[in-house]
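Colleague: Structure, please.
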Amino acid sequence: MTATFQPTTEAACTTLVAHDSVDWQRVCADFPILSRTIHGKRMVYLDSTASSQKPEQVIDALSHFYRTSNANIHRGAYTLSEEATHLYEQARRKVAHFINAADERELIFTRNATEALNLVSHSWARANLGAGDVIVTSEMEHHSNLIPWQVVARETGARLEFIPIKADGSLDLAVFDELLKLPVKLVSVVHVSNTLGTINPIAEIVRRAKAVGAVVVVDGAQSVPHMPVDVQELGCDFLAFSGHKMCAPSGIGALWGRFALLDTMQPFLTGGGTVTHVGLRECAYEPVPARFEAGTPAFAEAIAFGAAVDYLSEIGMGNIREHERALAEYALARFTEVAGLQVYGHPDAAQRGATFPFNLGNHDAATLAAFLESEGIAVRAGRHCCQPIMDHLGVSATARASFYLYNNQDDVDVLVAALKQASQLTPAQLRQIAADHPYTAGGDLS
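Modeller: Numbering: from 1, shown residues only. So this is what the prediction gives:
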């Protein structure tokens with residue numbers, strides 16, 4: 001049996017968490033993909049932690065650029081190129097302002113948060129760490145904020161230490177304080193866990209790390225899209241985030257870094273656009289940020305990234321955070337109605353984002369996700385690029401439902417109703433349903 005996808009004119013959004021300052025019904029209507037049906041049912045998209053959907057305003061901005069101003073940037077001495085260059089640099093200013101950067105030159109466009117973190121590991125860490133130095137990260141990191149530091153430690157002789165996860169899903173800062181008695185040169189930690197949903201106290205972590213002179217890197221892939229993030233208030237040195245998780249197109253992300261640090265760093269990638277002079281045996285690099293943006297960048301996507309920032313800013317990041325907090329609170333209460341449902345992470349909605357990893361009885365995560373797909377519900381199943389968290393929880397995988405600004409209480413209700421139905425089925429019955437829905441059957445445990 002294969003899925004059938006049919007657009008519908010019926011409103012996809014009904015009951016929403018209410019906030020006086022935002023028309024959430026209108027927000028939901030901005031996302032055309034939410035009008036689709038799957039298997040004859042209203043699609044409920046609960047995988048925004050992996051990648052968000054896109055509003056008409058961003059889709060239109062990308063289309064308009066390609067229709068009217070498409071040309072390579074920074075090089076052409078003609079109208080289209082000058083327009084494209086202006087729009088690209090305007091987008092840089094928008095994204096820099098969005099996180100309250102002190103200087104727009106501190107905002108470097110990358111492909112995604114993963115590339116941004118690798119840029120720091122290659123261009124700062126390799127040049128500044130050596131044998132005996134300590135890198136501190138945590139047990140809840142995405143692989144993108146773990147593997148680069150494993151490689152740096154192996155190549156420089158530095159060693160890795162980890163802040164453990166407590167039973168409630170938060171980080172054990174008492175252990176962090178003990179780790180800071182070591183010769184710590186770098187602390188790299190996630191702001192909001194993509195798996196547990198934990199919101200870490202970054203400003204406090206930064207304060208403690210700075211007291212011992214450490215440089216602090218923050219993985220903001222799950223915080224920048226969902227709440228106000230001010231790099232000056234956080235006090236960190238680097239912040240990485242991705243556009244595709246915050247209503248922008250794929251293939252565009254950003255690294256913010258303190259100018260004083262960026263200005264000392266050599267490029268991660270080299271080539272066209274990064275140099276002011278090239279001889280056969282030597283070259284001189286451009287100032288920041290151009291030295292870090294080799295080759296033709298994703299200029300159209302960057303311009304649409306600027307449109308996404310405009311869209312989110314108009315709604316208000318504080319409003320988005322409150323909407324998701326209320327939705328998380330509602331979801332946590334409803335989840336208690338499902339027999340055998342194990343939801344991981346902090347029990348307080350104020351301490352977590354609206355991301356919920358879960359398992360149900362004896363059902364494996366991939367099979368459960370396939371059943372939810374049959375009900376029109378899109379969730380992820382696997383290790384969520386956080387295998388150490390799975391090891392900590394003592395499970396091989398989880399299903400994960402994640403909510404964003406276009407989700408509502410009705411989406412929670414649909415998910416809970418489907419989970420209640422699944423709880424009444426045997427593993428064999430659920431596997432049969434999974435076999436009929438090959439989009440998720442078998443699962444990708446990455």
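
Colleague: Now do the same for the residue nearest the centre of the chain: helix, strand or coil?
Modeller: The centroid of the chain falls nearest to A221 when counting by Cα atoms, centre = their mean (3.1 Å). Taking DSSP: H, G, I helix; E, B strand; the rest coil as the rule, one finds A221 in the coil state.

Colleague: Backbone torsions only: list them for W24.
Modeller: Here is the backbone geometry of W24 (degrees, to the nearest 10): phi -70, psi -30.

Colleague: so it touches H323, yeah?
Modeller: Yes: counting by Cβ atoms under 8 Å, W24 does reach H323; the two are 6.6 Å apart. C-betas here are computed from N, CA, C, even on glycine.

Colleague: hang on, the earlier thing: could you find the closest non-adjacent residue to the residue nearest to the centre of the chain?
Modeller: Distances taken as Cβ to Cβ, 6 or more residues apart in numbering place A113 nearest to A221, at 4.2 Å, with adjacent residues excluded.

Colleague: thinking again about what came up before, got the contact list for the residue nearest to the centre of the chain?
Modeller: Contacts for A221 (Cβ atoms under 8 Å, 6 or more residues apart in numbering) come out as A113, H142, S144, V190, N194, A240, F241, S242, K245.

Colleague: tally of neighbours for the last one?
Modeller: Read it as K245. Burial measure for K245: 25 neighbouring residues, criterion other Cβ atoms under 10 Å.

Colleague: circling back to that earlier point, among the contacts of A221, which ones are in helices?
Modeller: Among these, the members falling in helices (DSSP state H) are A113.

Colleague: ranking the contacts of A221 by neighbours, who comes first?
Modeller: When neighbours are taken as other Cβ under 10 Å, the top entry among those is A240 (31 neighbours).

Colleague: Report the beta-bridge partner residues of it.
Modeller: On DSSP bridges, the residues paired with A240 through beta bridges are D219, L255.

Colleague: Need the per-residue pLDDT for it.
Modeller: What the model reports for A240 is a pLDDT of 98.

Colleague: do G40 as well
Modeller: Predicted confidence (pLDDT) for G40: 92.

Colleague: how much space between it and S374?
Modeller: 10 Å (Cβ to Cβ, to the nearest Å).

Colleague: now do A326
Modeller: From A326 to S374 the distance is 29 Å (Cβ to Cβ).

Colleague: Likewise for R334?
Modeller: R334 is 21 Å from S374, by Cβ to Cβ.

Colleague: between G40 and S374, which one's more packed in?
Modeller: With neighbours defined as other Cβ under 10 Å, G40 and S374 compare such that S374 has more, 20 against 9.

Colleague: check which helix or strand covers D411.
Modeller: Taking DSSP states H and E as the definition, D411 sits inside helix 409-423.

Colleague: Next secondary structure element downstream of that helix?
Modeller: Next helix or strand after helix 409-423 toward the C-terminus (DSSP H and E): helix 427-435.

Colleague: Quick one: neighbours of P32, just the number.
Modeller: P32 has 14 neighbouring residues, counting by other Cβ under 10 Å.

Colleague: I meant to write K54 there.
Modeller: For K54, using other Cβ under 10 Å, the count is 24.

Colleague: Can you tell me the SS state at it?
Modeller: Using three-state DSSP, the structure places K54 in coil.

Colleague: thinking it is in contact with P249, fair?
Modeller: Yes: the criterion here is Cβ under 8 Å, and K54 meets it with P249 at 7.1 Å.

Colleague: Could you list the buried residues of stretch 162-169?
Modeller: For stretch 162-169, the neighbour count (16 or more other Cβ atoms under 10 Å) marks F162, I163, I165, G169 as buried.
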